[in-house]
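[1] just coords:
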């Protein structure tokens with residue numbers, strides 16, 4: 001096997017061992033990074049939902065409430081005011097709009113967001129919700145109770161089994177605020193239209209400051225796994241490409257700096273061994289090991305030529321006479 005082939009084989013073996021070790025180390029790291037990235041995206045979405053809740057409370061709800069005519073005097077009752085406005089064609093009565101409910105607006109906003117990110121699922125799981133779609137499942141109830149028992153816990157993530165496989169989730173507690181008491185304290189304080197829509201049996205008895213719900217974003221575990229696998233494949237392909245280019249460059253340099261000079265030495269040595277002493281000397285460039293070897297080879301060549309000339313110039317001894 002030629003020297004260049006041996007070097008290439010050794011490089012491939014060493015690089016393969018290093019690539020295997022790097023793959024083993026980086027695969028776990030990429031898995032963790034992908035999981036952290038998914039959780040980071042989930043937290044951004046959760047914060048967006050909280051911002052939507054705040055926007056609904058501070059701007060949407062007052063704007064909708066102000067859109068209704070409220071010009072009755074203080075001594076008029078609601079029924080007289082509504083009847084008077086109805087006769088004059090005004091819509092003066094207070095109408096319940098689900099869009100003014102923070103949980104409703106946040107959930108609807110996330111449903112629009114899911115059109116672009118279908119793997120992410122958002123829910124404001126509530127122990128005693130007004131809207132039945134927000135009712136907490138068994139595992140969601142455990143999360144809410146965990147937040148109640150651990151008031152210092154502001155964020156919690158984990159994995160769970162689902163009929164479709166393992167899912168990764170991120171949860172944050174939601175506490176009852178003063179603005180919530182209008183609709184969730186007692187049925188008589190809630191808007192009549194809300195009672196007509198959802199009934200008087202659910203969503204009441206909340207206490208301000210209590211953990212009543214949890215924001216939960218779920219995503220299949222297969223999502224970060226696929227992200228990690230895709231990144232891992234790109235990494236391996238990149239490393240193999242870099243290794244191939246490195247081997248190509250090293251082979252070229254090895255051929256130019258070592259293989260070709262050594263091949264010249266071998267050719268000249270073969271020629272000299274066959275008696276061709278008139279071959280030109282090898283060029284000596286620089287002070288590296290190859291140049292030193294070339295200079296030594298030239299000195300040896302000159303010594304062999306000089307020795308051969310001395311042998312040729314030496315007179316032949318006279319023939320010995322036979323004894324009489």
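    Ah, there it is. Everything quoted here is computed from the prediction, not taken from an experiment.
[2] helix or strand for residue 226, which one?
    helix 222-254 (DSSP states H and E).
[3] Following element in sequence after that helix, please.
    Next along from helix 222-254, by DSSP H and E: helix 260-273.
[4] about what we covered before: and the angle for the helix holding residue 226 with helix 260-273?
    Using axes from the mean of the first three to the mean of the last three Cα atoms, to 10 degrees, the inter-axis angle of helix 222-254 relative to helix 260-273 is 30 degrees.
[5] where's helix 222-254 relative to the chain centroid, distance-wise?
    17 Å (Cα atoms, centre = their mean, to the nearest Å).
[6] which helices and strands does that helix pack with?
    helix 3-55, strand 165-175 (3 or more Cβ pairs under 8 Å, 6 or more residues apart in numbering; DSSP states H and E). Heads up, the C-betas are built off the backbone N, CA and C, glycines and all.
[7] neighbouring strands for the shortest one, and are they parallel or not?
    I take that to be strand 165-175. Strands adjacent to strand 165-175 in the sheet, as given by DSSP bridges, are strand 156-162 (antiparallel), strand 211-220 (antiparallel).
[8] buried stuff in it?
    167-174 (16 or more other Cβ atoms under 10 Å).
[9] Contacts for that strand, please.
    35, 38-39, 42-43, 46, 124, 126, 143-144, 147, 153-161, 209-224 (Cβ atoms under 8 Å, 6 or more residues apart in numbering).
[10] check contacts around residue 12.
    residue 247.
[11] which residues of the stretch 201-324 of the chain score low on pLDDT?
    276, 312-324 (pLDDT under 70).
[12] and the closest residue in space to residue 202 that isn't next to it in sequence, how many neighbours?
    Leaving aside its chain neighbours, residue 202 sits nearest to residue 130 (5.8 Å; criterion: Cβ to Cβ, 6 or more residues apart in numbering). Applying other Cβ atoms under 10 Å, we find 22 residues neighbouring residue 130.
[13] Next: residue 14.
    10.
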